[in-house]
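In: can you look at this prediction? I've put the sequence above it.
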Amino acid sequence: MKLEELTYTPSDIKTSAEHPHTIVLLVDEVMYDRYQKDKSIPIAQVVDSFEVFRYEHPGKSGKLAKPSKQDLTDVFGFTNDDKIAAFMLEHGKRSGGKLMQGRKQEDLHAKTYT
């Protein structure tokens with residue numbers, strides 16, 4: 001299984017001084033393509049896990065970190081993992097970042113993307 005990053009950055013920023021968090025959900029790229037055509041596929045078959053990440057600094061590159069509950073509330077308005085995954089599948093964008101299956105969670109936190 002090849003994993004791909006699905007990213008979401010809120011677009012309702014009021015000033016250029018505000019820097020939104022980019023949230024990342026890892027999905028199986030083949031199952032994600034199927035899900036886009038058939039929404040009856042269970043979300044659990046599409047996502048690698050229901051855990052989301054954020055880039056440590058604003059933007060779409062750098063180290064991935066676990067977002068705080070406040071980060072999730074700021075971005076989504078809720079912290080429920082199932083609802084966040086469903087939202088990401090509907091509104092997230094493919095970032096082009098691909099990972100191979102079998103990567104350890106701690107490797108994800110240390111991984112630097114460009």
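Out: Good, I have the coordinates. Numbering: from 1, shown residues only.

In: contacting residues around the longest helix seen in the chain?
Out: If each helix of the chain is counted by residues according to DSSP state H, the longest one is helix 81-91. In this structure, residues lying in contact with helix 81-91 by CB atoms under 8 Å, 6 or more residues apart in numbering are 6, 8, 23, 25, 27, 32, 35, 43, 46-47, 50-52, 72, 76, 78. (Each C-beta comes from the backbone N, C-alpha and C, glycine too.)

In: select only the buried ones of the residues you listed in PyMOL?
Out: Of the contacts of helix 81-91, the buried ones go into a single PyMOL selection, burial set by 16 or more other CB atoms under 10 Å:
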select buried, resi 6+8+23+25+27+32+35+43+46+47+51+52+72+76
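
In: in helices, which of the contacts of helix 81-91 fall?
Out: Among these, the members found in helices (DSSP H) are 32, 35, 72, 76.

In: now the two most distant members of those.
Out: The most widely separated members of the ones in helices among the contacts of helix 81-91 are Tyr35 and Leu72, with 22.1 Å between them, by CB to CB.
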